[in-house]
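*Asks:* output the structure for:
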Amino acid sequence: MSEDCRHERGHITDSRFYGDRYATAASREIFCDVCRKQRWLDIEAALALSQAELGVIPKDVAERIAAVADLDHIDLEQVQVETARSGHSLIGLLRALETACGEKAGQFIHYGATTQDIQDTGQSLEARDVLDALAPALDRIIRSLTDTAELHARTIGLARTHAQPALPMSFGLKVAGWLDELLRQRDRLTHLRAHTPTAQLFGGAGTMASFDGLGRATLERFAERLGLVVPELGWHVARDRVTEFVSTLAMITGTLARIADEIRTLSRPEFGEVEEAWRDGKVGSSTMPHKRNPERCEQIVVLARLAAAQAGLALTAMVGDHERDARSLRLEWACVPDVSHYCLAAAEIATEIVTGLIVHPDRLGANVETVTGQVMSERLMFALGEHIGKQQAHEYVYQLTQRAHTDGIPVRKLAAEDPAITERFTDAEQERLFEPASYLGESPELTMRVVERARAVLS
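*Replies:* Numbers count the residues shown, from 1 in each chain. Here you go, the predicted model:
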């Protein structure tokens, strides 16, 4: 093994070569191992300053703690040695901070708090930062899709169900479906931002006994200083907030994957309706020079599957014993960063896709024209049903269309030769019955309802 290999990290999000498709600069900064230590120091400083305001510890001591609660004053080698020696996740950092503070101030570090108070509060700060990064990214995607939906509100396209031609629709309605789902995800983000980043400061068993009657007052000042929500009770084993955070991010990534996978499918040459933006120099295959693979769309699906796996872990972390259980916390240390990396990476890639999306109206129209006889069967059935009843008309058109499929004869040709049709509809009426552009239903109106709502939300 080369010397260089010994200093590399094994997780895909840290890869120098591939990590940018699994994480972002923002997510790496939020979950940086060293940054996490600084965040814990910030929390210890906030605790000391809050307690000084209440007269629990001397003001000069709190100021000293806050002044040295910075990694510039901390020996990280000492932290690592003490962490390994103690087998405790926070003691190493506390001892290094105590050394930096000096004997007098050092006695007031972490006064009344328990380790999970600090670490849960730190995780809440991480969650807040993730939401702060995700919200504008999601808005950029929504804004771009809003423009696309409006542009194609009346562009004819082909609706497919069960991977088969169904009915004509506007392409804008398809995009509006993506947009509508993203607007719901945006609402979920707003809810998370208001409720999930919650302070934790309740002491060893959630009773606040170590704060000598000033627990609530300390918590309120502590939370305000950090910009976090004040909970009613401690949540050392109540992990529903964290599970909701992880699950919501997995859901958002899943929505982005649904959009991406539809774009991937519609970019097949057989459809040719849309495609990812291309740039010179991008290689699709090491052996087939012609390839233009929808790699970004595929990557979002990968990220959604990875994110979904983290939601399962978060759900298992909801089961904890009594008033404290490290099994939950240590699961979250893995699944919270991972789902955040994957979701933020998916949002970044999705932004690239939707802002550069190429739509081919000519192919959209041509694909409808190819199956006009099939996709206009519903209209033919309802028109015929006015004469012979809907159920009877369904059976009649069923036989007609299935025969056309089996014998390879156009539906329209069979209809034009069938007395049941020709005796009831003129040539002009038959022409209209098989005109897809006039059977978009309320596609444009439905599309514009979502477009207008999206614009109102973004404004």
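
*Asks:* quick check: next helix or strand after the helix or strand residue 334 falls within?
*Replies:* When elements are defined using DSSP states H and E, residue 334 is found to belong to helix 326-355. The C-terminal neighbour of helix 326-355 among helices and strands, as given by DSSP H and E, is strand 358-359.

*Asks:* check contacts around residue 155.
*Replies:* By CB atoms under 8 Å, 6 or more residues apart in numbering, the contact list for residue 155 reads 170-172, 359, 361, 364. Glycine gets a C-beta too; all of them are placed from N, C-alpha and C.

*Asks:* that one and residue 443, how far apart?
*Replies:* Using CB to CB, to the nearest Å, one obtains 9 Å as the distance from residue 155 to residue 443.

*Asks:* tabulate the contacts of residue 155 in CSV, adding columns for neighbour count.
*Replies:* What follows is the contacts of residue 155, written out as CSV (neighbours: other CB atoms under 10 Å):
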residue, neighbour count
170, 26
171, 28
172, 27
359, 19
361, 14
364, 24
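
*Asks:* from these, which land in helices?
*Replies:* Filtering these for membership in helices, criterion DSSP state H, returns 171-172, 361, 364.

*Asks:* now the strands for this protein?
*Replies:* Assigned strands in the chain, in chain order: 156-161, 164-170, 274-275, 358-359 (criterion: DSSP state E).

*Asks:* which outside residues touch the second one?
*Replies:* So the one you mean is strand 164-170. Counting contacts by CB under 8 Å, 6+ apart, the residues touching strand 164-170 from outside are 152-160, 368, 371, 374-376, 378, 436-437, 439-441, 443-444, 447.

*Asks:* likewise for the first one?
*Replies:* Where contact means CB under 8 Å, 6+ apart, the residues beyond strand 156-161 that reach it are 165-171, 174, 273, 361, 364-365, 367-368, 371, 375, 436-437, 440.

*Asks:* can you select the buried ones from the residues you listed in PyMOL?
*Replies:* Buried residues within these, by 16 or more other CB atoms under 10 Å, are selected in PyMOL with:
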select buried, resi 165+167+168+169+170+171+174+273+364+365+367+368+371+375+436+440
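
*Asks:* and residue 130, what does it touch?
*Replies:* Residue 130 sits next to 27, 30, 249, 340, 343-344 when contact means CB under 8 Å, 6+ apart.

*Asks:* what about these, which one has the most neighbours?
*Replies:* residue 249 (33 neighbours; other CB atoms under 10 Å).

*Asks:* pretty sure that one contacts residue 339?
*Replies:* Yes. At 4.7 Å, residue 249 counts as touching residue 339 under the criterion of CB atoms under 8 Å.

*Asks:* okay, now the unreliable bits of the stretch 251-400 of the chain?
*Replies:* Within the stretch 251-400 of the chain, the ranges that satisfy pLDDT under 70 run 280-281, 283-286.

*Asks:* any idea how far the residue nearest in space to the middle of the chain is from residue 142?
*Replies:* A centroid search over the chain (CA atoms, centre = their mean) returns residue 252, at 2.8 Å, as the residue closest to the centre. In this view, residue 252 and residue 142 are 12 Å apart by CB to CB.

*Asks:* how deep is residue 74 tucked in, by neighbour count?
*Replies:* The number of residues packed near residue 74 is 20, by other CB under 10 Å.

*Asks:* from here on, count from 30
*Replies:* Got it, the first residue is 30 from now on, which makes the last one we talked about residue 103.

*Asks:* doesn't residue 70 make contact with it?
*Replies:* Yes. Between residue 103 and residue 70 a contact is recorded at 7.2 Å, counting by CB under 8 Å.

*Asks:* and for the two, which residues touch both?
*Replies:* Contact criterion CB under 8 Å, 6+ apart; residues shared by residue 103 and residue 70: 122, 126.

*Asks:* so what's residue 240 up against?
*Replies:* When contacts are counted by CB under 8 Å, 6+ apart, residue 240 is found next to 85, 141, 232, 247.

*Asks:* residue 303 and residue 93, how far apart?
*Replies:* In this structure, residue 303 and residue 93 are separated by 61 Å, where distance is defined by CB to CB.

*Asks:* compare those two (neighbour count), which wins?
*Replies:* Taking neighbours as other CB under 10 Å, residue 303 and residue 93 compare with residue 303 leading, 24 against 20.

*Asks:* next up, the contacts around the more buried one.
*Replies:* Shown in contact with residue 303 (CB under 8 Å, 6+ apart): 292, 295-296, 386-389.

*Asks:* distance-wise, check it relative to residue 387.
*Replies:* Between residue 303 and residue 387 the distance is 6 Å, computed by CB to CB.

*Asks:* residue 221 is in contact with residue 272, isn't it?
*Replies:* No. With the criterion set as CB under 8 Å, residue 221 and residue 272 do not qualify as a contacting pair; they are 11.5 Å apart.

*Asks:* hmm, back to that, can you list residues touching both of residue 184 and residue 472?
*Replies:* With contacts defined as CB under 8 Å, 6+ apart, the residues shared by residue 184 and residue 472 are 199, 201.

*Asks:* flag every buried residue along stretch 162-173.
*Replies:* 162-163, 166-173.

*Asks:* perfect, I'm done here.
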